[in-house]
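# This is a predicted model, with the sequence first.
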Amino acid sequence: MSRTAVVQHAQRIHAAIESDEAARSALVASWRRSSTLYHLDPAEGQPPSRLTDSELRQARQRIEPLIRASQASLDRLYSAVGGIGCCVLLADRDGVPVERRGAPADDRLFNDWGLWTGSVWSEEAEGTNGIGTCLVEQRALTIHRDQHFHTRNTLLSCTTAPIYDHEGNLAAALDVSSCRADLTEGFVNLISIAVGDAVRKIEAENFRLAFPRARIVLAPGGERAPNALVAVDSDDLVIGATRSARQILGITREALQKPLPASDLLGIGNAATSDLAQAERAVLQRAVMKAGGNVSAAAQDLGISRATLHRKLARFGIRRVR
């Protein structure tokens, strides 16, 4: 990139920072953080710093369950975007990619750009960028070309979304990056949709793996938030909830630290949750019919105790076949 282009980009950023745009623009607010909070220079030309092999192994170990849960979704996402010259990065909450998908033919190019495992893409280190800014603002976003803070990153287009773990904590970010000059707005929008879909699948799979013996149910109102999942154990007690479910149901961390019947938390019987009650009733009816009315066999098939199934049958007024 020419020296003139570097200077012009830096001047544009400084002019925006000194104006009142930061109050109206999330992008300019990020530029201001990059300059005033992190003391970064948009004209600085060094590539992203990188972790040592040992540091990268430790970073991977810290989110190993999430990495396992993400494998299939990363593969599917790459199959959707890899053909248009993009790579897929799964970064930890510190902005370090710990898992990657990309075409071997592009490896050298992406490695030179720092789009590689072990590179540090936190906003504190790199200024405004897809991964770092997504993690700071905890929202899905695209940082396209000259929206990046550092001039050396202005050939990149990065679409990123946050990933929350089974306890509702920010755990990672999923990013699709490209350095294609002809990446259109339409393609960027499609990439954004694909990234969002992959994040939902990763969060759901990670939640299921975190509660392998629990029933996973969709919280009331979950049609608006497909990841509003609740884990219920064999005693009909809520033992976990995703971030979306906690927001919809008003579940606090403290509430999950003591026994809480699913019927109380989910409000079965209220108009707002009648769909969930009907769905559970249908599941119980099918299990009893499949077992020919044998409660013990139905309970075993459902993965709950016989006593719990008896309580549920009584609550819903379901009669055994025999």
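Great, that's in hand. Numbers count the residues shown, from 1 in each chain.

# what's Ala161 sitting at in phi/psi?
phi -140, psi 140 (degrees, to the nearest 10).

# Neighbours of the closest residue to it other than its chain neighbours, how many?
Take Ala161 and drop its neighbours on the chain: the residue closest to it by C-beta to C-beta, 6 or more residues apart in numbering is Ala140, 3.8 Å away. C-beta coordinates here come from the backbone N, C-alpha and C atoms, glycine included. When neighbours are defined as other C-beta atoms under 10 Å, Ala140 has 17 of them.

# what's the distance between Ala140 and Val283?
Separation of Ala140 from Val283 (C-beta to C-beta, to the nearest Å): 33 Å.

# Ile84 now?
With C-beta to C-beta as the criterion, Ile84 and Val283 are 42 Å apart.

# next one: Leu265
Here Leu265 is placed at a distance of 18 Å from Val283 (C-beta to C-beta).

# In terms of packing, which of the two has more residues around it?
Leu265 (21 against 14).

# The more buried one and Ala255, how far apart?
8 Å.

# swap in Thr160?
For Thr160, the distance to Ala255 - C-beta to C-beta - is 31 Å.

# Have a look at the two and say which one is more surrounded.
Just comparing Thr160 and Ala255: by other C-beta under 10 Å the higher neighbour count belongs to Thr160, 28 against 14.

# Show me the shaky parts of the stretch 101-250 of the chain.
Filtered on pLDDT under 70, the stretch 101-250 of the chain yields the residue ranges 221-224.

# 80 instead?
181, 183-184, 220-226 (pLDDT under 80).

# Please, where are all the helices along it?
Using DSSP state H, counting those that start in this stretch, the helices found in the stretch 101-250 of the chain span residues 107-113, 123-126, 130-137, 185-210, 243-249.

# Tell me which of these lies nearest to Ile63.
helix 185-210 (9.6 Å; C-beta to C-beta).

# what residues are up against Ala194?
Shown in contact with Ala194 (C-beta atoms under 8 Å, 6 or more residues apart in numbering): 77, 80-81, 176.

# What is the nearest of these to Ala291?
For these, the nearest to Ala291 is Leu77 (40.5 Å; C-beta to C-beta).

# Helix or strand: which one has that closest one?
Element membership of Leu77, judged by DSSP states H and E, is helix 64-81.

# got the angle for that helix vs helix 185-210?
150 degrees (axes from the mean of the first three to the mean of the last three C-alpha atoms, to 10 degrees).

# what helices or strands is the helix or strand following helix 64-81 leaning on?
Following helix 64-81 in sequence order, the next helix or strand is strand 86-92 (DSSP H and E). Applying 3 or more C-beta pairs under 8 Å, 6 or more residues apart in numbering; DSSP states H and E, one finds that strand 86-92 contacts helix 64-81, strand 97-101, helix 130-137, strand 170-178.

# Let's see that with 10 Å instead.
helix 53-62, helix 64-81, strand 97-101, helix 107-113, helix 130-137, strand 157-164, strand 170-178, helix 185-210 (3 or more C-beta pairs under 10 Å, 6 or more residues apart in numbering; DSSP states H and E).

# Which neighbours do Leu265 and Ala255 have in common?
Both Leu265 and Ala255 are in contact with 238, 241, 249, where contact means C-beta atoms under 10 Å, 6 or more residues apart in numbering.

# Adding distance to Ile67 and neighbour count, write these out as JSON lines.
Shown next, in JSON lines, are these (distance: C-beta to C-beta, whole Å; neighbours: other C-beta atoms under 10 Å):
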{"residue": "Val238", "distance to Ile67": "27", "neighbour count": "24"}
{"residue": "Ala241", "distance to Ile67": "22", "neighbour count": "26"}
{"residue": "Leu249", "distance to Ile67": "29", "neighbour count": "21"}
